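Undergrad: pasting the sequence and the predicted coordinates here, then a few questions.
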Amino acid sequence: MVAPPLRPGKIAGRIPAPVCQAHAVSTFLGLLPFAFGAVAIVVYARAKRPVVRSLGLTVSRWSPLEVLIGLGITFVAIGLTFVAELALGAIRLEPGSLTWGSLWTDLLSELIPAAAIEELLYRVLLLSGLAVVLSPVRGGRWIAVLLSAALFGAAHLGNPGASWVAAVGTGLGGVMYGVAFLGTRSVWLPFGLHLGWNLAQGVFGFPISGHVVPGIVRAVPTAEDVLVLTGGTYGPEAGIPGMLARFVVIGLVVLYLSRRWPDGRFATLTYAPEPESRRRA
């Protein structure tokens, strides 16, 4: 049999060039958190700062409360998104299959580790490192938040139904988690926000970043032309109401930060005090 002619961009016996490029980009994005995390660890250690505390990984009496606050804030935001899409006629409701008995197996058993891993990678490691590197720059902490959020959004482009619009919506999530992380100097509030956002989407019957899960109800788009409102198969993060809900979350997070640390500054994103350096012996 005569071999078919090679297509442009293909070499016999090799992976197509676009696939190689996509794999290279994916690998690069995957390594960035570890590279910047290593920078943060080295800088903290050389400055005699407590590394684990500086990375926001310690547990305090505030930790459970901040997780609950994050859950509460995001359930309010997704609830508002649900009501808005329903009022605008963008979705119709169908019965869902989620029950109290299946809440753990169908949602929490997957959402908890997913939120924990992403917060570890994109806030604890990546954002910590970016904040350290950009600290000498004016507005460096905000630049760090925006850069880490952009990478967080780009990392979700491989999800089902993803688009650049969806990446922007997911990137806004990175902003709200980043503000919470640097504002509290702890991973617990952003973890609560992340888990709550995904859990609320599932409970209200929305796709979670392109993944369909059982909900109490199913929120089904009423037509294809309501994509701008519903986000389509990717979920609310790619629609206008969902994106606006991100700003609601950011506002409520800043309100919490300003109430807990009244002397904090939004312009520099400095609220919780930095861990102090250990005294030299």
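TA: Structure's in. What do you need? Residues are numbered from 1 along each chain as shown.
Undergrad: going forward, measure contacts and count neighbours with C-alpha atoms only.
TA: Noted.
Undergrad: got a list of what the nearest residue to residue 194 once chain neighbours are set aside touches?
TA: What sits nearest to residue 194 in space, not counting adjacent residues and going by CA to CA, 6 or more residues apart in numbering, is residue 115, at 5.9 Å. For residue 115, the contact set (CA atoms under 8 Å, 6 or more residues apart in numbering) comprises 191, 194, 195.
Undergrad: and what about the first one, helix, strand or coil?
TA: Think residue 191. Here residue 191 is recorded as helix under DSSP: H, G, I helix; E, B strand; the rest coil.
Undergrad: how close does it get to residue 204?
TA: 20 Å (CA to CA, to the nearest Å).
Undergrad: out of those two, which sits in the more crowded spot?
TA: More crowded of residue 191 and residue 204, by other CA atoms under 10 Å: residue 191, with 27 against 21.
Undergrad: correct me, but the more buried one touches residue 68?
TA: No - applying CA atoms under 8 Å, one finds residue 191 not in contact with residue 68, separated by 9.9 Å.
Undergrad: can you redo the contacts of residue 115 as a markdown table with distance to residue 107 and pLDDT?
TA: Output for the contacts of residue 115, formatted as a markdown table (distance: CA to CA, whole Å; pLDDT from 0 to 100):
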| residue | distance to residue 107 | pLDDT |
| --- | --- | --- |
| 191 | 16 | 98 |
| 194 | 14 | 98 |
| 195 | 10 | 98 |
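Undergrad: helices of the chain, start to end?
TA: Per DSSP state H, the chain carries helices over the ranges 17-46, 51-54, 63-87, 103, 109-119, 128-133, 140-154, 164-184, 188-203, 227-230, 240-260.
Undergrad: export these to a markdown table and append columns for distance to residue 217.
TA: A markdown table is the format used below for these (distance: least, CA to CA, whole Å):
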| stretch | distance to residue 217 |
| --- | --- |
| helix 17-46 | 35 |
| helix 51-54 | 41 |
| helix 63-87 | 11 |
| helix 103 | 13 |
| helix 109-119 | 18 |
| helix 128-133 | 38 |
| helix 140-154 | 27 |
| helix 164-184 | 23 |
| helix 188-203 | 7 |
| helix 227-230 | 15 |
| helix 240-260 | 18 |
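Undergrad: tell me which of the ones you listed lies nearest to residue 218.
TA: Residue 218 lies closest to helix 188-203 among the helices of the chain, at 8.8 Å (CA to CA).
Undergrad: contacts for that closest one next, please.
TA: For helix 188-203, the surrounding residues in contact (CA under 8 Å, 6+ apart) are 63-64, 66-75, 78-79, 98, 107-108, 111-112, 115-116, 119, 176-178, 180-181, 207-208, 212-217, 236.
Undergrad: if you set the cut-off to 6 Å instead, what comes out?
TA: Helix 188-203 has contacts (CA atoms under 6 Å, 6 or more residues apart in numbering) with 63, 66-67, 70-71, 74-75, 115, 177, 180-181, 215-216.
Undergrad: residue 178 against residue 144, yeah?
TA: No - applying CA atoms under 6 Å as the test, residue 178 and residue 144 come out as separate, 8.6 Å apart.
Undergrad: if you count surrounding residues, which of these two has more?
TA: residue 178 (29 against 24).
Undergrad: for the closest residue in space to that one that isn't next to it in sequence, give its distance to residue 180.
TA: Distances taken as CA to CA, 6+ apart place residue 145 nearest to residue 178, at 5.4 Å, with adjacent residues excluded. Distance, residue 145 to residue 180, using CA to CA: 10 Å.
Undergrad: who has more neighbours, those two?
TA: More crowded of residue 145 and residue 180, by other CA under 10 Å: residue 180, with 30 against 26.
Undergrad: reformat the contacts of helix 188-203 as JSON lines; add pLDDT.
TA: Output for the contacts of helix 188-203, formatted as JSON lines (pLDDT from 0 to 100):
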{"residue": "63", "pLDDT": "97"}
{"residue": "66", "pLDDT": "98"}
{"residue": "67", "pLDDT": "98"}
{"residue": "70", "pLDDT": "98"}
{"residue": "71", "pLDDT": "98"}
{"residue": "74", "pLDDT": "98"}
{"residue": "75", "pLDDT": "98"}
{"residue": "115", "pLDDT": "98"}
{"residue": "177", "pLDDT": "98"}
{"residue": "180", "pLDDT": "98"}
{"residue": "181", "pLDDT": "98"}
{"residue": "215", "pLDDT": "96"}
{"residue": "216", "pLDDT": "95"}
